[in-house]
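S.K.: Show me how the following folds:
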Amino acid sequence: MLTTAEANLGPAVIAQDDQSSQSRSDLLSLISTRRMSRAQLFAAAVGIAINAIDGYDVLAISFAAPGIAKEWGIDRSGLGIVLSMELIGMAFGSLVLGRVADQIGRRPMLLICEIAMAFSMLMCATANDVTMLALWRLVVGVSIGGVLPALTSMMAESSSQRGRDVSVTLLGVGYSAGAIFGGSIAAWLLKYYDWRSMFIMGAAATMIGAVLTYVLVPETIAFLLKRQPKNALARINAIAQRFQLPTISRLPDTNSNEVKGAVRSVFDRDLLRNTIVVPLAYLFCMITFYFPLKWAPKLIADMGYTPSEGASVLVWINIGGLIGSLAVAASASRLSLRITTPIILIVGAISLVAFGATATDLSTFKYVGAVMGFFLNASVVCLFAAIARSFPASVRATGAGISLGIGRAGSVLAPVVAGFMFASGFNLAFVSSVMAVGCLISAGLLACSQPKD
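M.R.: Now for the predicted structure:
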């Protein structure tokens, strides 16, 4: 245990050459137990903003869908495939780039992916056929997929133990806020411009996010201590001073096999259950979550409303989602998310069934959609926290990447399966009931996981 005096140390050297292992432990303990500094809070705020931008970039195709379908004459089953392309990319990006983030660092991965995302969003606006649009949405998805595990790891490793669940769950707040703010602007833009404006706005916002990341987000100390890249000691001490933490005099010894075996480590006996259960829980939750997010604007348009009105319904769903995310974040340090998450998932399933059964006009779609958004977003942010807790720092981005990547397979299935059910003649109430089963399965699986951090 750290004493009060130790917990309030300013920047100072706390380790001698023969105490490197202890200095590493002390430094990580201080990050875990001390109140977060202003620089840490700024880094967390940028992480939330990045996820907000990602939230808009994912949903930009949903806002654009009615205009795309009208201009290019795409039916519902074909549109479902287009809506899934960035989700396919997100699955691939999370699976592959999560491991890379454990090798090159959280910050470089964030910067590379944000720049690639901005470029591909801009190229979506230049697409003149379905094939090119689908291709560039795939690249957008790969980029977002690379951001998510790096961002989850960065938030978890830069936060105190008390603030960790709060910081990670706030990522969900950012996602909803991005969808609300972006959707509100989208509703206005669609009154004056065509669907391509959705992607231009996303490209501009993503580049702003990349600049903020470069200026305000350092690499995590936990990563630098574990991987020890070139100039690691100087970088650690610079970040420590920035975060008002003690510096160290030398790097601790590391186990090279541990550093190089992140993928093997997540399949060790101690982590195997989480490596199987947590990704599957996220997968089934995503099946439920992405169905209304991807289809709501098109369903509204098919009822005779304008694309702008369709975008407004998605905004209401995300307003509910924002409130749900804030509620989870506010209670994360006081409630056991391990106990409450399965309950929230079950209520989320019920809310989607209610959405499909009762939403018959624009006003009802908005209000019932807001309630549904509350519980579905609350479910997702709880799962973010579960993922961060399920893997230790040495393999966190790899474990998060596997979880998010496999989970994104569910998000890919959601619009495609729903599209084929709609094309087969099933109504909204039936499709919603089928898609809601995902949250029920997720609740059962998550109850079997074991927190590791």
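
S.K.: and the helix or strand hosting R408, what does it pack onto?
M.R.: For R408, the host element (DSSP states H and E) is helix 396-423. Under the contact criterion of 3 or more CB pairs under 8 Å, 6 or more residues apart in numbering; DSSP states H and E, helix 396-423 touches helix 76-104, helix 130-157, helix 262-265, helix 269-302, helix 362-389, helix 428-446. Heads up, the C-betas are built off the backbone N, CA and C, glycines and all.

S.K.: pLDDT averaged over it, what's the number?
M.R.: The pLDDT scores in helix 396-423 average 79.

S.K.: And that helix, what's buried?
M.R.: 396-419, 421-422 (16 or more other CB atoms under 10 Å).

S.K.: That helix vs helix 428-446, what angle?
M.R.: Angle between the axes of helix 396-423 and helix 428-446 is 160 degrees (criterion: axes from the mean of the first three to the mean of the last three CA atoms, to 10 degrees).

S.K.: Looking at the helices and strands packed on helix 396-423, which is nearest to Y193?
M.R.: helix 269-302 (16.0 Å; CB to CB).

S.K.: What angle do helix 362-389 and the closest one make with each other?
M.R.: Using the same axes, to 10 degrees: helix 269-302 against helix 362-389 is 160 degrees.

S.K.: buried ones in helix 269-302?
M.R.: For helix 269-302, by 16+ other CB under 10 Å, it's 271, 274-301.

S.K.: What's the first helix or strand after that helix?
M.R.: Heading C-terminal from helix 269-302 (DSSP H and E), you reach helix 307-331.

S.K.: Distance from the chain centre to that following helix, please.
M.R.: The chain centre lies 15 Å from the centre of helix 307-331; the measure is CA atoms, centre = their mean, to the nearest Å.

S.K.: residues in contact with the helix or strand following it?
M.R.: Once helix 307-331 ends, the next helix or strand along the chain (criterion: DSSP H and E) is helix 337-358. For helix 337-358, contacts defined as CB atoms under 8 Å, 6 or more residues apart in numbering pick out 165, 285, 288, 291-292, 328, 331, 364, 368-369, 371-372, 374-376, 378-379, 382-383, 385-386, 428-433, 435-440, 442-444, 446-447, 449, 451.

S.K.: relative to helix 307-331, how tilted is helix 337-358?
M.R.: Using the same axes, to 10 degrees: helix 337-358 against helix 307-331 is 160 degrees.

S.K.: CA atoms only for helix 337-358 - export them in PDB, please.
M.R.: Only the C-alpha atoms of helix 337-358 are listed here, as PDB (Å, rounded to 0.1, in the frame of the first residue of the first chain):
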ATOM      1  CA  LEU A 337     -21.000  -3.600 -13.500                       C
ATOM      2  CA  ARG A 338     -20.400  -7.300 -13.500                       C
ATOM      3  CA  ILE A 339     -23.800  -7.700 -11.900                       C
ATOM      4  CA  THR A 340     -25.700  -4.900 -13.500                       C
ATOM      5  CA  THR A 341     -24.500  -5.400 -17.100                       C
ATOM      6  CA  PRO A 342     -26.500  -8.700 -17.800                       C
ATOM      7  CA  ILE A 343     -29.600  -6.900 -16.400                       C
ATOM      8  CA  ILE A 344     -29.200  -3.900 -18.700                       C
ATOM      9  CA  LEU A 345     -28.700  -6.300 -21.700                       C
ATOM     10  CA  ILE A 346     -32.000  -8.000 -20.900                       C
ATOM     11  CA  VAL A 347     -33.900  -4.700 -20.600                       C
ATOM     12  CA  GLY A 348     -32.200  -3.600 -23.900                       C
ATOM     13  CA  ALA A 349     -33.700  -6.600 -25.600                       C
ATOM     14  CA  ILE A 350     -37.100  -5.800 -24.300                       C
ATOM     15  CA  SER A 351     -36.800  -2.200 -25.400                       C
ATOM     16  CA  LEU A 352     -36.000  -3.200 -29.000                       C
ATOM     17  CA  VAL A 353     -39.100  -5.500 -29.100                       C
ATOM     18  CA  ALA A 354     -41.200  -2.600 -27.800                       C
ATOM     19  CA  PHE A 355     -39.700  -0.400 -30.500                       C
ATOM     20  CA  GLY A 356     -40.700  -2.700 -33.300                       C
ATOM     21  CA  ALA A 357     -44.200  -3.400 -31.900                       C
ATOM     22  CA  THR A 358     -45.300   0.100 -31.000                       C
END
